[in-house]
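Trainee: I would like to see how this sequence folds:
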Amino acid sequence: MLRIYEDVIELVRELRPVLAELAARDANLAARDANLADQMKRALCSVPLNLAEGAMLSGGNRNLRYRTALGSLREALACVEVGVALGELSPLEAGPRDRFEKIKATLINVVR
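Mentor: Numbering: from 1, shown residues only. Coordinates of the predicted model:
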């Protein structure tokens, strides 16, 4: 298992309030517009799940799972950035933002 797995779990924990804030705002929207919180949650959950799956594989399949984890991480961050741009979220504090960057940098190095 990659050492960043615990960082990923901590990031998920840190972003629970952000997800709750987005979900509360999504609840006030029409069903067709209320998907940012769900999309962020799915992307965020995908990161540790793909890391765990990749840890049990080898070769190209392992690399593919780690690439998927990286893509999902970027998607989760994009959800936060879109929420901020829409005025639905405050910018991330330094801790979660730094954790995103650490995980992203590690995964970029792993998939090269």
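Trainee: quick check: chain neighbours aside, which residue is closest to residue 61?
Mentor: Residue nearest to residue 61 in three dimensions, not counting chain neighbours: residue 54, with 7.7 Å by Cβ to Cβ, 6 or more residues apart in numbering. For glycine as for every other residue, the C-beta is placed from the backbone atoms N, C-alpha and C.
Trainee: from the contact counts, what lies against the lowest-mean-pLDDT helix or strand in the chain?
Mentor: Lowest mean confidence among the helices and strands of the chain (mean pLDDT, DSSP states H and E): helix 16-26, at a mean of 88. Applying 3 or more Cβ pairs under 8 Å, 6 or more residues apart in numbering; DSSP states H and E, one finds that helix 16-26 contacts helix 36-55, helix 59-85.
Trainee: redo that, cut-off 7 Å
Mentor: Counting by 3 or more Cβ pairs under 7 Å, 6 or more residues apart in numbering; DSSP states H and E, the packing neighbours recorded for helix 16-26 are helix 36-55.
Trainee: show me how far the helix it packs on is from its chain's centre.
Mentor: Taking Cα atoms, centre = their mean, to the nearest Å, one finds helix 36-55 lying 6 Å from the centre of the chain it belongs to.
Trainee: same check on stretch 81-94?
Mentor: 14 Å.
Trainee: neighbouring contacts of that stretch?
Mentor: By Cβ atoms under 7 Å, 6 or more residues apart in numbering, the surrounding residues in contact with stretch 81-94 are 18, 21, 22, 25, 36, 80.
Trainee: residue 67 is in contact with the residue nearest to residue 61, correct?
Mentor: No: between residue 54 and residue 67 there is no contact under Cβ atoms under 7 Å: 9.0 Å.
Trainee: of these two, who's got more company?
Mentor: The residue with more neighbours, out of residue 54 and residue 67, is residue 54; 22 against 16, by other Cβ atoms under 10 Å.
Trainee: which helix or strand contains residue 28?
Mentor: Taking DSSP states H and E as the definition, one finds residue 28 inside no helix or strand.
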